[in-house]
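A.B. asks: give me the fold of what follows.
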Amino acid sequence: MLFGVKDIALLEHGCKALEVDSYKSLMILDIPEDCDHEEFEDIIRAPLRPLGKFEVAGKAFLEEERSKAAIIRLAEDLNYAVIPREIKGKGGLWRVVYMPRKQDIEFLTKLNLFLQSEGRTVEDMARVLRQELCPAVTGPREPPARKCRAPPGAGEKQPGAGTARADAAPPLDSTEKPSKPGDDKRGKRKHKKNRRRHHASDKL
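C.D. replies: Numbers count the residues shown, from 1 in each chain. From the prediction side, this is the model:
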């Protein structure tokens, strides 16, 4: 929504003068003076088609804007979901003004009073919001990260590979104890004692 309290007041004033319901009407601003009636209707036909049947209730020339404004009367209630915010027309974009929902009027009034106290307009706020929500990318973009893929056949079992691993690993239930330092010397001493006993038995 790119309009403020003054635009809404202008819409209400125009609808009152034309005796039409402001909640079933639109006002189109920034229409150039040299845009005739036929050309105007051709331009607005497609953008306003989703709103149903409509007719041009009246036009007026705005001295301050040096452009024309048109009041459009709708056959049905406003469908806020399909109202065009702007219309691409002759000489540039034409702003579309409509009555906000009744519960939004108080908020919109306070917002405009605050913007006026800050020396800002609704257009300024919309521009700042666009810059904050969609910041322009100034720096170079980083290349996307590459996904690492395993070489072909890396997950396949090679012939004989499983058997080789099983042969190399010691059995889990093996009862053989690892040798300790000094076991060789103890073995030699036992062997000498056995030899001495053997010689003694031969003498007997």
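A.B. asks: please count neighbours and contacts with C-alpha atoms only from this point.
C.D. replies: OK.
A.B. asks: low-confidence stretches in the chain?
C.D. replies: Scanning the chain for pLDDT under 70 picks out 1-3, 102-109, 112, 122, 134-204.
A.B. asks: would you map the helices across it?
C.D. replies: Taking DSSP state H to define them, one finds helices in the chain at 5-18, 37-48, 102-117, 122-133, 161-168, 183-203.
A.B. asks: contacting residues around the nearest residue to Y23 once chain neighbours are set aside?
C.D. replies: In this structure, Y23 finds its nearest non-sequential neighbour in M99, 5.9 Å apart by C-alpha to C-alpha, 6 or more residues apart in numbering. The contact partners of M99, taken as C-alpha atoms under 8 Å, 6 or more residues apart in numbering, are 8, 11, 22-23, 25-26.
A.B. asks: what do you get if the cut-off is 10 Å, keeping everything else the same?
C.D. replies: Counting by C-alpha atoms under 10 Å, 6 or more residues apart in numbering, M99 touches 7-9, 11-12, 22-27, 78, 80, 105.
A.B. asks: for S67, same thing?
C.D. replies: Each residue near S67 by C-alpha under 10 Å, 6+ apart is listed here: 29-35, 60-61.
A.B. asks: now, of the residues you listed, which are buried?
C.D. replies: Buried residues within the contacts of S67, counting neighbours by 16 or more other C-alpha atoms under 10 Å: 29-32, 61.
A.B. asks: for A70, state which of those residues is nearest.
C.D. replies: L29 (6.8 Å; C-alpha to C-alpha).
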